[in-house]
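A.B. asks: Please find the sequence and the predicted model below.
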Amino acid sequence: MSKKFFALAFGLLLAATAMAEGEMPVMELRAGFHRIEAEVAATDQNRQIGLMNRKAMAQQRGMLFVFNHENTHCMWMRNTFIPLSVAFMDADGVIINIEDMQPQTENNHCARKPARYALEMNLGWFAQRGIKPGTRLGGMDKAPRPQ
C-alpha cells in the first residue's frame, strides 16, 4: 500500500478519535489584528467541562463559551491546570470585563453585567495585547447558537 493511503488512513483515525473524545469545533475570532482560534463550548456538557484537565494551550488558542441567555455568568477553575484570563462579552461581542483566574481554585469570577459569551485565554493574554473592556471582538457573528 502507498504512503499516501497510510497518511489518509492515519488522518481519518485521528479525526475519528477527536470526535469520539468530544473535541469541540473551532472558530476564528479577532481582537484588533490579533487572531484567536477559539474552541466553541455551546452545549451544557462542553460548558461544564471547558478547559478542565488540560496541561497547556497554544498562545493563539482559547475557548469561547456560548451561553443560553444573557446573565451575570460566573466561571471557576475546578480541575483546570492552566492559569487563564476570561473576558465576558455582551451579545454584540463587546468585552464587559476581564478577570484573571488561578488554576485549581473554586473562586467565582463573574460578569459585571449580563453577558452572552465568555472567552478564556492564557493568563495575561488580553493585558499583553492592550485589549480592554469596550473592545469588540470580530467574528462573533459566526458563533453558533447555544444548544
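C.D. replies: Yep, that arrived.
A.B. asks: Okay, now the unreliable bits of the chain?
C.D. replies: Applying pLDDT under 70 to the chain flags the ranges 1-22.
A.B. asks: how about a cut-off of 90?
C.D. replies: Along the chain, the model assigns pLDDT under 90 to residues 1-24, 145-147.
A.B. asks: OK, contacts around the closest residue to His109 other than its chain neighbours?
C.D. replies: In this structure, His109 finds its nearest non-sequential neighbour in Glu99, 3.9 Å apart by C-beta to C-beta, 6 or more residues apart in numbering. No exception for glycine: its C-beta is placed from N, CA and C like everyone else's. Glu99 makes contacts with 75, 85-86, 88, 109-110, as judged by C-beta atoms under 8 Å, 6 or more residues apart in numbering.
A.B. asks: tell me which element Glu99 falls in.
C.D. replies: Using DSSP states H and E, Glu99 sits within strand 95-101.
A.B. asks: In that strand, which residues are buried?
C.D. replies: By neighbour count with 16 or more other C-beta atoms under 10 Å, strand 95-101 contains the buried residues 95-99, 101.
A.B. asks: Tell me the one of the contacts of Glu99 nearest Phe126?
C.D. replies: Among the contacts of Glu99, Ser85 lies closest to Phe126 (C-beta to C-beta), at 5.4 Å.
A.B. asks: other SSEs contacting the helix or strand harbouring that closest one?
C.D. replies: Per DSSP H and E: Ser85 is located in strand 84-89. Where contact means 3 or more C-beta pairs under 8 Å, 6 or more residues apart in numbering; DSSP states H and E, strand 84-89 is packed against strand 95-101, strand 115-122, helix 125-128.
A.B. asks: Tell me which of those sits nearest to Lys142.
C.D. replies: Lys142 lies closest to strand 115-122 among these, at 12.3 Å (C-beta to C-beta).
A.B. asks: Let's have the helices and strands packed on strand 84-89 in CSV, adding distance to Asn71.
C.D. replies: Shown next, in CSV, are the helices and strands packed on strand 84-89 (distance: least, C-beta to C-beta, whole Å):
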stretch, distance to Asn71
strand 95-101, 12
strand 115-122, 7
helix 125-128, 22
